[in-house]
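Visitor: I would like the atomic coordinates for the input below:
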Amino acid sequence: MSNVFSITSFVGGIHYAKQYPEFMSFDSMKYLDESIDWSKYKRRGVFRELAKCNKVADKFFDQNRDFREEHIDDLKRITWYATVCMDELKYSLNRKMAYDDLGIEEILKRYSVI
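Guide: As a prediction, this is how the structure comes out:
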């Protein structure tokens, strides 16, 4: 398992991992892509994506408790996406495939990040 545990504590405290065990069931290795050309890789893009994830988490926790309970799936998906972003270079993960698969654009629009 990669950074899911540390990111979960980063975005919401460890109680979210205990309350929702499916947080920890994410396998980022399904986004493994050996065909990526890392010579054109720019680390700046990862930091930009992690900043977006951080903004979503901030806006998520600024909402009231009922909203948070209703939209916990958003927090799960953004946490999983941040995990893929952090481990992208280390394990040759495809961040763009994770972006599309997890529906991150919808979340970013909902929280007015993009």
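Visitor: list the contacts for Met29?
Guide: Applying CB atoms under 8 Å, 6 or more residues apart in numbering to Met29 gives the contacts 91, 93. C-beta: built from backbone N, CA, C; applies to glycine.
Visitor: Distance of it relative to Tyr81?
Guide: From Met29 across to Tyr81, the span is 15 Å (CB to CB, to the nearest Å).
Visitor: now this protein, which segments are flagged as low pLDDT?
Guide: The chain contains residues with pLDDT under 70 at 1-17.
Visitor: mind listing the helices in it by residue range?
Guide: Taking DSSP state H as the test, the helices found in the chain are 4-12, 14-19, 43-62, 65-70, 72-91, 95-102, 104-110.
Visitor: out of those helices, which comes closest to Ser25?
Guide: With CB to CB, the closest approach to Ser25 among the helices of the chain belongs to helix 4-12: 8.8 Å.
Visitor: Skipping its backbone neighbours, what lies nearest Glu34 in space?
Guide: Ser92 (5.7 Å; CB to CB, 6 or more residues apart in numbering).
Visitor: ok, back up a step: hey, which of the helices of the chain is tucked in deepest?
Guide: For the helices of the chain, the largest average neighbour count (mean count of other CB atoms under 10 Å) is found in helix 72-91, namely a mean of 21.
Visitor: can you give me the angle that one makes with helix 95-102?
Guide: Counting by axes from the mean of the first three to the mean of the last three CA atoms, to 10 degrees, helix 72-91 points 160 degrees away from the direction of helix 95-102.
Visitor: isn't Ser92 right up against Ile36?
Guide: Yes: contact criterion CB atoms under 8 Å: Ser92 and Ile36 qualify, at 5.9 Å.
Visitor: picking that back up, in TSV: the helices of the chain, plus distance to Ser25.
Guide: Compiled in TSV, the helices of the chain are given as follows (distance: least, CB to CB, whole Å):
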stretch	distance to Ser25
helix 4-12	9
helix 14-19	11
helix 43-62	19
helix 65-70	19
helix 72-91	10
helix 95-102	14
helix 104-110	19
